[in-house]
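Asker: predicted coordinates and the sequence they were generated for:
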Amino acid sequence: MSDWSRTRRLIGALLLAASCASAYTVAYPGLEMGLLHALHLKKGTTDRVGTSGKAIQAYMREGFIGKQPDQRFDYTDYYLLKKPASFMGHELVLIEEEYITQYIGCCVSSGVGVTVKVRGNTQKLQAFARAQCCTLTDPVDIRHALSDVAIKTRVAKGHYASLSCRERDAEREEQ
C-alpha cells in the first residue's frame with residue numbers, strides 16, 4: 001500500500017471518528033438540555049428548575065447509562081456513561097443523583113452532579129457554577145473519587161472536573 005493510500009485512509013478514518021463523536025450531540029439534542037434544566041436554579045429558591053430523575057431516565061432510554069445505577073452509596077446513585085455524550089463542550093463521564101427514598105441516618109442533599117473529562121478549558125463550567133449556585137471541583141482525581149464510592153472501572157488519564165448542583169450547594173451560596 002502506498003503512503004498516499006495510507007494517508008487517505010487515515011484521513012478518512014479521522015473524519016469518520018470526528019463525525020461519530022459529534023453525532024450523539026445532534027442525534028440527542030434534548031439529553032443535554034434536560035440535564036442542564038435539572039441543574040438550573042429557580043430564582044429566589046434553593047430548588048432546581050428541572051427534575052433530575054426525568055433527565056437521567058432520558059439517558060437510560062437512549063442507552064447512555066444503565067437501567068440501574070453502577071453504584072448506590074449513601075443517598076447517591078452513580079451512573080457511568082456507556083457511550084459518548086457531551087456536556088457543555090466536554091465529555092460526560094458520570095452522572096450522580098442524590099435523593100432520599102428511605103432514611104438511613106444522616107443528611108441528604110437532593111440534586112444532581114456530573115463529572116466530565118475536560119476538553120479545552122473550564123470557563124463555561126465556572127460561569128455556570130456561579131450563575132446556578134453549584135460547586136465546581138477542578139481538577140478531580142477521578143480514579144480516587146470512584147474508588148471512594150466503591151466503583152471499580154478503568155478511566156482514561158486526563159483532566160476531569162465535577163459539577164455539583166445540590167441543595168447544599170445552593171444554600172452555601174445564599175449565605
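Answerer: All right, it came through fine.

Asker: strands of the chain, residue ranges please.
Answerer: Secondary structure of the chain, counting by DSSP state E: strands at 71-73, 76-80, 86-87, 90-98, 111-117, 135-140, 160-166.

Asker: need those strands in JSON lines (columns: mean neighbour count).
Answerer: In this view, the C-beta of every residue, glycine as well, is placed from N, C-alpha and C. Shown next, in JSON lines, are these (neighbours: other Cβ atoms under 10 Å):
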{"stretch": "strand 71-73", "mean neighbour count": "15"}
{"stretch": "strand 76-80", "mean neighbour count": "20"}
{"stretch": "strand 86-87", "mean neighbour count": "20"}
{"stretch": "strand 90-98", "mean neighbour count": "22"}
{"stretch": "strand 111-117", "mean neighbour count": "24"}
{"stretch": "strand 135-140", "mean neighbour count": "16"}
{"stretch": "strand 160-166", "mean neighbour count": "23"}
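
Asker: residue 52: which of those strands is closest?
Answerer: Closest approach to residue 52 among the strands of the chain (Cβ to Cβ): strand 111-117, 3.9 Å.

Asker: what about this protein, any weak spots by pLDDT?
Answerer: When residues are selected by pLDDT under 70, those of the chain lie in 1-27, 101-106, 108-109, 173-175.

Asker: point to the residue nearest the middle of it.
Answerer: Computing the C-alpha centroid of the chain and ranking residues by Cα atoms, centre = their mean puts residue 114 first, at 3.2 Å.

Asker: for that one, which residues make a bridge with it?
Answerer: Per DSSP bridges, the residues bridged to residue 114 are residue 95, residue 163.
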